[in-house]
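Q: Give me a 3D structure for the following:
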Amino acid sequence: MSEKPNSANGVNRRSVLLGSLGAASALGAPAVIRSAYAAAPIKVGVISPLTGAWTVYGKAHSEGFKLAVDEINAAGGVLGRKFEIIMADSKTEPRIVAEQANRLIREEGVDFLAGTFSSAERNAAGPVVTAGNKVLLYPTFYEGQQQKYFPGVCNPNIFMFGPVPSQQVWPHLPYMMKNHGKKFFMVGSDYVWPRVTNAVTKKRLVELGGEVVEEIYIPFNTPQYDSVLSKIRNSGANVIFLSLTGSDTINFRKQFVSAGMKKDFTLWTVDDEEVVTSALGPEASAGTYVSFDYFMSIKQANNDAFLKKFRAKFGQNALMDTVGVAMYNAGHMAAMAIAKTGKVSTDGLRQGLAGLTFDKAPQGSVTMRAIDNQAILPSYLMRVRDHWTGTGDMFEQVQYFPDVTPATASCAHLPLN
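A: Here you go, the predicted model:
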């Protein structure tokens with residue numbers, strides 16, 4: 001990764017470049033000027049949750065993109081230019097995301113942005129990337145695109161690399177209903193992703209003959225769940241459909257097990273990937289169902305190669321997840337889009353990403369659908385093994401669909417590009 005140098009002793013990149021240009025002018029060598037300009041890095045502003053409630057996801061989030069940039073730069077960059085990452089901490093605060101996005105665009109002069117984590121963060125970045133006319137590559141599993149949330153979605157400058165409920169949940173509803181029951185109790189964090197995800201899931205569940213007996217939304221950083229557990233115990237539900245996030249899902253799950261309720265309900269979560277499951281430990285997590293587009297343990301040749309490189313850079317015990325892999329894919333696909341169009345610009349990225357396929361994605365081939373900037377992805381349903389010892393034996397694969405096409409976005413203007 002190309003590092004951003006700091007000023008020292010009055011010398012910085014700008015003064016060195018100006019000095020080089022002055023020397024070139026004195027020598028009458030315009031080719032040198034063109035060469036210096038061509039070598040300028042492609043600057044990417046990466047906004048990751050390095051502190052705050054979603055710190056549990058932050059390392060994989062940023063490391064996935066860093067690995068992609070290392071690979072891109074080792075291969076010579078794009079159009080003769082290396083990528084340079086400029087990091088920003090979202091602090092898990094939408095307000096901070098808006099401030100950081102503005103800083104990266106207006107002060108740092110980045111060519112495009114990658115990251116943000118939650119839907120609330122992405123929605124906060126939406127007006128900024130619209131006003132600044134910059135692309136945002138968004139990595140997280142999310143609720144889908146509805147026009148009322150524009151410009152956080154339905155935005156030609158925002159590309160979605162994570163799954164929506166029609167990819168993450170819908171393919172696995174028939175299996176869960178057949179094997180574990182048709183009555184669902186929904187528990188989620190109190191913000192847009194759980195609420196809309198549950199609404200979309202409930203619609204499909206009812207179409208298949210199921211029902212939601214109750215749904216509850218919990219404020220962030222809730223310490224105790226006694227009242228929620230009591231409602232679940234008396235609900236008559238078969239399946240607890242969980243969309244809590246971050247530290248809240250860990251607290252809830254541990255209290256759920258301590259209350260002795262694990263044997264009475266099937267728990268299906270759309271949040272607990274390797275990082276969260278590792279934090280829970282075997283006792284609290286065993287038997288849980290999880291659905292995503294990526295797991296470290298999937299049997300894919302691409303994944304084997306990816307994990308070898310990832311561990312070589314970040315250590316044998318480093319954890320990767322769906323969001324980190326989406327950041328990795330986003331980095332490579334941005335480079336492919338720039339190479340395809342020959343332009344480092346917002347229009348070039350938009351044109352290049354539309355319909356682009358990345359065959360080397362760790363989870364299997366990924367395509368960016370042109371009509372609504374939404375990735376076509378695989379979908380895996382996993383069950384957490386009893387007595388697992390690490391990510392290698394954490395999940396057993398229940399079922400897999402190689403390329404799930406998402407429901408079309410509910411946007412006023414399609415295609416977006």
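
Q: Please report how far the nearest residue to residue 115 once chain neighbours are set aside lies from residue 321.
A: If the residues on either side of it in the chain are set aside, residue 115 comes closest to residue 47, at 4.1 Å by C-beta to C-beta, 6 or more residues apart in numbering. C-betas here are computed from N, CA, C, even on glycine. Using C-beta to C-beta, to the nearest Å, residue 47 is found at 17 Å from residue 321.

Q: now do residue 126
A: Residue 126 is 24 Å from residue 321, by C-beta to C-beta.

Q: again, but for residue 313
A: 16 Å.

Q: And the two? Which one has more around it.
A: Under the criterion of other C-beta atoms under 10 Å, the comparison of residue 313 against residue 321 puts residue 321 first, with 25 against 12.

Q: Next up, the contacts around that one.
A: Applying C-beta atoms under 8 Å, 6 or more residues apart in numbering to residue 321 gives the contacts 57, 60, 273-275, 292, 294, 296.

Q: Please name the nearest non-neighbouring residue to it.
A: Per C-beta to C-beta, 6+ apart, closest to residue 321 is residue 273, 4.0 Å.

Q: you'd agree that neighbour is up against residue 326?
A: No - in this structure, residue 273 is not within contact of residue 326 by C-beta atoms under 8 Å, at 11.4 Å.

Q: anything in contact with each of those two?
A: In contact with both residue 273 and residue 326: residue 294, using C-beta under 8 Å, 6+ apart.

Q: Counting neighbours, go ahead and name the busier of these two.
A: Taking other C-beta under 10 Å, residue 273 and residue 326 do not tie; residue 326 has more neighbours (33 against 29).

Q: so where is the chain shaky, pLDDT-wise?
A: 1-38, 53 (pLDDT under 70).

Q: quick one: the strands in it?
A: 42-48, 83-89, 112-115, 136-138, 158-160, 183-189, 211-218, 239-243, 266-269, 289-292, 357-358, 366-369, 374-384, 395-404 (DSSP state E).

Q: The third one packs against which elements?
A: Right, strand 112-115. strand 42-48, helix 55-74, strand 136-138, helix 322-341 (3 or more C-beta pairs under 8 Å, 6 or more residues apart in numbering; DSSP states H and E).

Q: Buried residues in the last one, which are they?
A: Put plainly, it is helix 322-341. Buried residues in helix 322-341, counting neighbours by 16 or more other C-beta atoms under 10 Å, are found at 322-338, 340-341.

Q: and the end-to-end length of stretch 167-174?
A: Start-to-end span of stretch 167-174 (C-alpha to C-alpha, to the nearest Å) is 13 Å.

Q: neighbouring contacts of that stretch?
A: 141, 197, 200-201, 204-205, 208, 210, 270, 289, 291-293, 377, 379, 381, 398-399, 401, 404-406.

Q: which among the residues you listed end up buried?
A: 141, 197, 200-201, 204-205, 210, 270, 289, 291-293, 377, 379, 381, 398, 404, 406.

Q: how many other residues sit next to residue 302?
A: For residue 302, using other C-beta under 10 Å, the count is 16.

Q: quick revisit: can you redo the helices and strands packed on strand 112-115 as JSON lines with distance to residue 219?
A: Below are the helices and strands packed on strand 112-115 laid out as JSON lines (distance: least, C-beta to C-beta, whole Å):
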{"stretch": "strand 42-48", "distance to residue 219": "24"}
{"stretch": "helix 55-74", "distance to residue 219": "18"}
{"stretch": "strand 136-138", "distance to residue 219": "24"}
{"stretch": "helix 322-341", "distance to residue 219": "23"}
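
Q: between those, which gets nearest to residue 387?
A: helix 55-74 (23.0 Å; C-beta to C-beta).

Q: Next, the angle from that closest one to strand 42-48.
A: With axes from the mean of the first three to the mean of the last three C-alpha atoms, to 10 degrees applied, the angle from helix 55-74 to strand 42-48 works out at 170 degrees.

Q: show me what contacts the residue nearest to residue 142 when sequence neighbours are not counted?
A: Among residues not flanking residue 142 along the chain, residue 119 sits closest, at 5.2 Å (C-beta to C-beta, 6+ apart). For residue 119, the contact set (C-beta under 8 Å, 6+ apart) comprises 140, 142-143, 149, 152, 191-193, 196.

Q: Just give me the closest of those to residue 413.
A: Relative to residue 413, the closest of the contacts of residue 119 is residue 149; by C-beta to C-beta it sits at 14.3 Å.

Q: any idea how far the closest one lies from residue 140?
A: For residue 149, the distance to residue 140 - C-beta to C-beta - is 14 Å.

Q: Neighbour count for the two, which is higher?
A: More neighbours surround residue 140 than the other of residue 149 and residue 140, with 23 against 20 (other C-beta under 10 Å).

Q: I'd say that one and residue 115 touch.
A: No - contact criterion C-beta under 8 Å: residue 140 and residue 115 do not qualify, at 9.0 Å.

Q: Report the separation between the residue nearest to residue 321 and residue 41.
A: Following C-beta to C-beta, the distance that separates residue 273 from residue 41 is 32 Å.

Q: From what I see, residue 133 and residue 157 are in contact.
A: Yes - using C-beta under 8 Å, residue 133 is in contact with residue 157, at 7.0 Å.

Q: Touching, residue 82 and residue 73? I think so.
A: Yes - Residue 82 lies in contact with residue 73 (C-beta under 8 Å); the separation is 4.7 Å.

Q: So which of residue 133 and residue 157 has more stuff around it?
A: residue 157 (22 against 11).

Q: could you list every residue that touches the more buried one?
A: Residue 157 touches 129-130, 133-136, 346, 350, counting by C-beta under 8 Å, 6+ apart.

Q: 10 Å instead?
A: Applying C-beta atoms under 10 Å, 6 or more residues apart in numbering to residue 157 gives the contacts 112-113, 125-126, 129-130, 132-136, 151, 346, 349-350, 373, 416-417.
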